[in-house]
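K.L.:
sequence first, then the predicted structure:
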Amino acid sequence: MIKKIPFEIIQAVRGESPKKEAQKLASFFHFGELGLTSTLDEVKINANYIKEREYKVKAFNVEMTQAEQVIELLEGFVNVHVPVSYPMGNMMLDTKLKSLDYLARLEVDETCVCLNYFNILSQNYQAVEKEAETLISNYGSAFNPFALVVPSALLSDSEIIDICKALKTAGCNVLKLNPGFHLNVTPEEVALVKRVFPDTFEIHPSGGIRNLSDVAEYLKLNITTIHSSASKNIVENFLELRKEEV
Amino acid sequence: MKIKDLKTEIPDVFTDIIYGKISSYQMSELELRLKCFEASYYGLDSLAVLPSYLEQAQKIINTEKLSLQLTAISSYPFGTYPPEVKIKEIEKLIAIGAEKVFMVLAAGSLRDGNYQQISKEIEILSEASGTKSSTLILEFSFFEKEEINFIIEEAADKGVDGLMISTNFEPNFEYSNMKTPSFADIKNLNRICKSSLDLIVNAKFFDPKEIFAFFKLGLDKIYVEDISMLKKLQGGNFND
């Protein structure tokens, strides 16, 4: 926990009360817990948490098997986000399309699809472009946003640029940098993509964003969507510090 | 007891090793090629691959005329695909050439007490695998004895061939209480499974003595991501 709220955060969320400011801060985040053992009860607790506090988060993340119940539970309060081929990018393209078809039928609001990391690590950029193009042409308009996930933590700067070139050609406009789960984004990676591809991609950083200082680094880069499994703690930490100040 | 004596006692150890690198994010084409050659050269049971590597692995085997079977790992690492997606994936894996299919069970559903969903998943694995060998992957450390017994009974009843313990997906350790099974756990599980399911352990073994010790318990197969110790054993220069 940090002891002082960074200036960039105060500037970004300034409002009439700490509660309103916390709500504004929460609006930058994806909330929710993903993973092997995530249960529906845990998901319900998180959903109630944001509803009770009126946290209009960017989106509520759930696993595919829980999507139907969570859509009913949230009743449109915030977007429901379901990742595909997450976090390892190991699904075949056919399975990704089948998953997207399933999510589209459920009317899930948004998704991120982990690209085939094998193609990426083998520097097969033609295959990366082809996969992205197929995904976008089939389901790009069914979800908003429709993000593609690049494991940038595993790549050199030049590899990140080559991947982004392929994705730009494929028509991608929302990029999630890293899935999380120990593949952690850095502000340098985000800055690199923004510098080389200005106004091309909306960037969603993910992984290793654990506290208010980390968040401030991305706000400096004009990032407005942040994935963090610590989002609840970050907002609570903000609220505590803000109440002490006021 | 010396390692060489243990090897004499369990001569088929190499053929009971499943080799792979499923818990890592990093696998390039070059590394996949190397693993195919290693698994074939040492006569291992099979090479375990994630779905996105399968086609390329099959291509390497065919082009290089390697004697090697592929084990495909479905719904990895979280097991959270809905039934229709699990079916689609398994059917496709078999169509590409997987000889064995391992599928991660939706552990969250079991923790929710949704036994109906679990039964359905087990049925999917068995039916979609058809005549190919099918194995269920279970993150056993989260479950009570009764839940594990239920899964073993259901799996055996529905014609599943094996049970693999733990996904060992490392990044998840930070967020959970996931742990690898103990010697006593394995002994107990093996006793329950023995008559109905093959028991396979996915654990971090770097010491050949440990591997032999597990085999001596009567385990059917072990999944490893590092075979350097076996290479030494094969070369006859292992120093214990």
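P.N.:
Sure, I can see it. Everything numeric here is computed off the predicted structure, so don't read it as measured data.
K.L.:
tell me which residues touch the closest residue to A:E107 other than its chain neighbours, please.
P.N.:
Distances taken as CB to CB, 6 or more residues apart in numbering or on different chains place A:I71 nearest to A:E107, at 7.0 Å, with adjacent residues excluded. Any C-beta I mention is one placed from the backbone N, CA and C, and that applies to glycine too. Listed by CB atoms under 8 Å, 6 or more residues apart in numbering or on different chains, the contact partners of A:I71 are A:80, A:106-108.
K.L.:
quick one: the strands in the chain, in order.
P.N.:
Picked chain A for this. A:29-31, A:59-61, A:80-84, A:110-114, A:146-150, A:174-177, A:202-205, A:226-227 (DSSP state E).
K.L.:
oops, I was thinking of chain B
P.N.:
Counting by DSSP E, one finds strands in chain B at the ranges B:17-20, B:46-49, B:70-74, B:100-104, B:133-138, B:162-165, B:198-202, B:221-224.
K.L.:
would you reformat those strands as CSV and include mean pLDDT?
P.N.:
Output for the strands of chain B, formatted as CSV (pLDDT from 0 to 100):
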stretch, mean pLDDT
strand B:17-20, 93
strand B:46-49, 97
strand B:70-74, 98
strand B:100-104, 97
strand B:133-138, 95
strand B:162-165, 93
strand B:198-202, 90
strand B:221-224, 90
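K.L.:
as a markdown table, those strands with distance to A:N237 would be great.
P.N.:
Shown next, in a markdown table, are the strands of chain B (distance: least, CB to CB, whole Å):
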| stretch | distance to A:N237 |
| --- | --- |
| strand B:17-20 | 41 |
| strand B:46-49 | 42 |
| strand B:70-74 | 38 |
| strand B:100-104 | 34 |
| strand B:133-138 | 37 |
| strand B:162-165 | 38 |
| strand B:198-202 | 37 |
| strand B:221-224 | 41 |
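K.L.:
in CSV, list those along with distance to chain A and mean neighbour count.
P.N.:
Below are these laid out as CSV (distance: least, CB to the nearest CB, whole Å; neighbours: other CB atoms under 10 Å in any protein chain shown):
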stretch, distance to chain A, mean neighbour count
strand B:17-20, 12, 23
strand B:46-49, 9, 26
strand B:70-74, 8, 27
strand B:100-104, 8, 26
strand B:133-138, 10, 24
strand B:162-165, 14, 25
strand B:198-202, 14, 23
strand B:221-224, 16, 23
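K.L.:
of those, which approaches A:K165 most closely?
P.N.:
strand B:46-49 (28.6 Å; CB to CB).
K.L.:
how far out from the middle of the chain is the closest one?
P.N.:
Centroid displacement of strand B:46-49 relative to its chain, using CA atoms, centre = their mean, to the nearest Å, is 9 Å.
K.L.:
and stretch A:235-246, by the same measure?
P.N.:
Taking CA atoms, centre = their mean, one finds stretch A:235-246 lying 25 Å from the centre of the chain it belongs to.
K.L.:
same check, this time on stretch B:37-47
P.N.:
On CA atoms, centre = their mean, the centre of stretch B:37-47 falls 15 Å from that of its chain.
K.L.:
contact partners of it?
P.N.:
Here stretch B:37-47 makes contact (CB under 8 Å, 6+ apart) with B:14-20, B:35-36, B:57, B:61, B:64, B:66-71, B:99-100, B:221, B:227, B:230-231, B:234.
K.L.:
and it, what's buried?
P.N.:
B:37-40, B:42, B:44-47 (16 or more other CB atoms under 10 Å in any protein chain shown).
K.L.:
next one: stretch B:56-72
P.N.:
For stretch B:56-72, by 16+ other CB under 10 Å, it's B:56-58, B:60-61, B:68-72.
K.L.:
could you dump those into JSON lines with distance to B:L163 added?
P.N.:
Formatted as JSON lines, the buried residues of stretch B:56-72 follow (distance: CB to CB, whole Å):
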{"residue": "B:Q56", "distance to B:L163": "28"}
{"residue": "B:A57", "distance to B:L163": "24"}
{"residue": "B:Q58", "distance to B:L163": "26"}
{"residue": "B:I60", "distance to B:L163": "29"}
{"residue": "B:I61", "distance to B:L163": "27"}
{"residue": "B:L68", "distance to B:L163": "24"}
{"residue": "B:Q69", "distance to B:L163": "19"}
{"residue": "B:L70", "distance to B:L163": "20"}
{"residue": "B:T71", "distance to B:L163": "14"}
{"residue": "B:A72", "distance to B:L163": "17"}
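K.L.:
now, those that are in helices?
P.N.:
Counting by DSSP state H, these place B:56-58, B:60-61 in helices.
K.L.:
stretch A:94-102 and chain B, any residue contact?
P.N.:
Yes - applying CB under 8 Å from any CB of the partner chain, one finds stretch A:94-102 in contact with chain B at A:94-95, A:98-99, A:102.
K.L.:
pLDDT (mean, whole number) over that stretch?
P.N.:
Averaging pLDDT along stretch A:94-102 yields 98.
K.L.:
how about A:M92, what does it touch?
P.N.:
A:M92 sits next to B:51-52, B:54-55, B:89, B:92 when contact means CB under 8 Å, 6+ apart.
K.L.:
with B:I96 instead?
P.N.:
Per CB under 8 Å, 6+ apart, neighbours of B:I96: B:54-55, B:58, B:72.
K.L.:
quick one, grab the pLDDT at the spatially closest residue to A:E202 that is not a sequence neighbour.
P.N.:
Excluding the flanking residues, the one nearest A:E202 by CB to CB, 6+ apart is A:V174, at 4.7 Å. Here, the pLDDT recorded for A:V174 equals 98.
K.L.:
now, which of the contacts of A:M92 lie close to chain A?
P.N.:
Checking those against chain A (CB under 8 Å from any CB), the matches are B:51-52, B:54-55, B:89, B:92.
K.L.:
could you dump these into CSV with neighbour count, distance to A:I223 and pLDDT added?
P.N.:
Formatted as CSV, those follow (neighbours: other CB atoms under 10 Å in any protein chain shown; distance: CB to CB, whole Å; pLDDT from 0 to 100):
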residue, neighbour count, distance to A:I223, pLDDT
B:P51, 26, 32, 97
B:S52, 24, 29, 96
B:L54, 22, 36, 97
B:E55, 16, 36, 97
B:E89, 26, 34, 98
B:K92, 22, 37, 97
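K.L.:
next to chain B, which bits of chain A? Give me the list.
P.N.:
So far as CB under 8 Å from any CB goes, chain A lies against chain B at A:34-41, A:63-66, A:86-92, A:94-95, A:98-99, A:102, A:116-119, A:121-122, A:124, A:151, A:154, A:181-183, A:229.
K.L.:
go again with 7 Å.
P.N.:
A:35-41, A:63-65, A:88-92, A:94-95, A:98-99, A:102, A:116-118, A:121-122, A:151, A:154, A:181-183 (CB under 7 Å from any CB of the partner chain).
K.L.:
so which bits of stretch B:107-116 are buried?
P.N.:
Per 16+ other CB under 10 Å, stretch B:107-116 contains these buried residues: B:107-112, B:114.
K.L.:
same check on stretch B:21-32?
P.N.:
Neighbour-count burial for stretch B:21-32 flags B:21-23, B:25, B:27, B:29, B:31-32 (criterion: 16+ other CB under 10 Å).
K.L.:
same deal with stretch B:188-197?
P.N.:
B:189-190, B:192-193, B:197.
K.L.:
and of these, the nearest to chain A?
P.N.:
B:L189 (19.0 Å; CB to the nearest CB).
K.L.:
okay, helices next: where are they in the chain?
P.N.:
Answering for chain A, as no chain was given. So, for chain A - with DSSP H - the helices run A:7-13, A:18-26, A:40-52, A:67-74, A:93-106, A:117-121, A:125-139, A:157-170, A:187-196, A:212-220, A:231-245.
K.L.:
wrong one, chain B
P.N.:
So, for chain B - with DSSP H - the helices run B:3-9, B:29-41, B:51-64, B:83-96, B:107-111, B:115-129, B:145-157, B:183-193, B:208-216, B:228-235.
K.L.:
noted, bye for now.
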